[in-house]
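Engineer: Mind folding the following:
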Amino acid sequence: MKHFTFFLVAVATIAGLVALIAPAPGHADGEPAPIFVTEIPHGYRDWRWISSAHEAGNLNSLGAVLGNDVAINAYREGKLPFPDGTIIAALHYRYVPSDENNKVFGQAQSFVPGAPTNIQFMVKDSTKYAATGGWGFAHFADGKPGDAAFMKSCFPCHEKAKATDLVFTRYAP
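Structural biologist: Predicted structure coming up:
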């Protein structure tokens, strides 16, 4: 019985050492996690509205900014920095004139979302994304994530919004 107990302790010790030494899952050779998110968060279309955005110029975009429950609670409480678990989504569309609305108004003045262009996410995990201010960034076009070279521009741009924990969008209750 003593030999069996010794054997179990030895196996448990070796398993613990292997777990400590092995690289993190999905990160070859212990490389740090990428600064970008590669999977679309589940259920984002059911999140609540934070604000809307219009980007003119070459983007010609209308956006709906949504947040999960953690994000909404942080916005409502004015909590900065945002807590881990916060996820903010920005759904972008081309904006186009609304012929139906303009007929009612009697002039061209109404614009509505047209074709979708992309979806962007910010995911707060201060440990996983420590190198980028605690945020992981994502950009999806046609359901495919942006490549690493494209995603490298996110943090330097958001870093300019340090006073609001790298988040541009204000809550519009």
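
Engineer: rest of the way, CA atoms for contacts and neighbours
Structural biologist: Noted.

Engineer: In what element of secondary structure is the closest residue to residue 89 other than its chain neighbours found?
Structural biologist: Nearest non-adjacent residue to residue 89, counting by CA to CA, 6 or more residues apart in numbering: residue 121, 4.5 Å away. Secondary structure from DSSP states H and E places residue 121 in strand 111-124.

Engineer: returning to that earlier point: how about the residue nearest to residue 89, what does it touch?
Structural biologist: Each residue near residue 121 by CA atoms under 8 Å, 6 or more residues apart in numbering is listed here: 37, 87, 88, 89, 90, 137, 138, 139.

Engineer: for residue 76, same thing?
Structural biologist: By CA under 8 Å, 6+ apart, the residues touching residue 76 are residue 171.

Engineer: Next one, pLDDT for it please.
Structural biologist: At residue 76, the pLDDT value in this model is 97.

Engineer: does it count as helix, strand or coil?
Structural biologist: Put simply, residue 76 is helix when judged by DSSP: H, G, I helix; E, B strand; the rest coil.

Engineer: ok, it to residue 84 distance?
Structural biologist: Distance check for residue 76 against residue 84: by CA to CA, to the nearest Å, it reads 16 Å.

Engineer: where are the low-confidence patches of this protein?
Structural biologist: When residues are selected by pLDDT under 70, those of the chain lie in 1-34.

Engineer: In a helix, residue 71, correct?
Structural biologist: Yes. Assessed by three-state DSSP, residue 71 belongs to a helix.

Engineer: Go ahead and confirm it touches residue 86.
Structural biologist: Yes. The criterion here is CA atoms under 8 Å, and residue 71 meets it with residue 86 at 4.7 Å.

Engineer: which one of those two has more residues nearby?
Structural biologist: When residue 71 and residue 86 are compared for neighbours, residue 71 comes out ahead with 24 against 19, by other CA atoms under 10 Å.

Engineer: what about that one, distance to residue 105?
Structural biologist: 37 Å.

Engineer: Confirm that residue 128 sits in a strand.
Structural biologist: No. Counting by three-state DSSP, residue 128 falls outside a strand, being coil.

Engineer: So that it lines up with my notes, have the first residue be 54 from now on.
Structural biologist: From this message on, residue numbering opens at 54, which makes the last subject residue 181.

Engineer: So residue 190 is in contact with residue 173, correct?
Structural biologist: Yes. The pair residue 190 and residue 173 qualifies as a contact (CA under 8 Å) at a distance of 7.5 Å.

Engineer: of those two, who's got more company?
Structural biologist: With neighbours defined as other CA under 10 Å, residue 190 and residue 173 compare such that residue 190 has more, 26 against 19.
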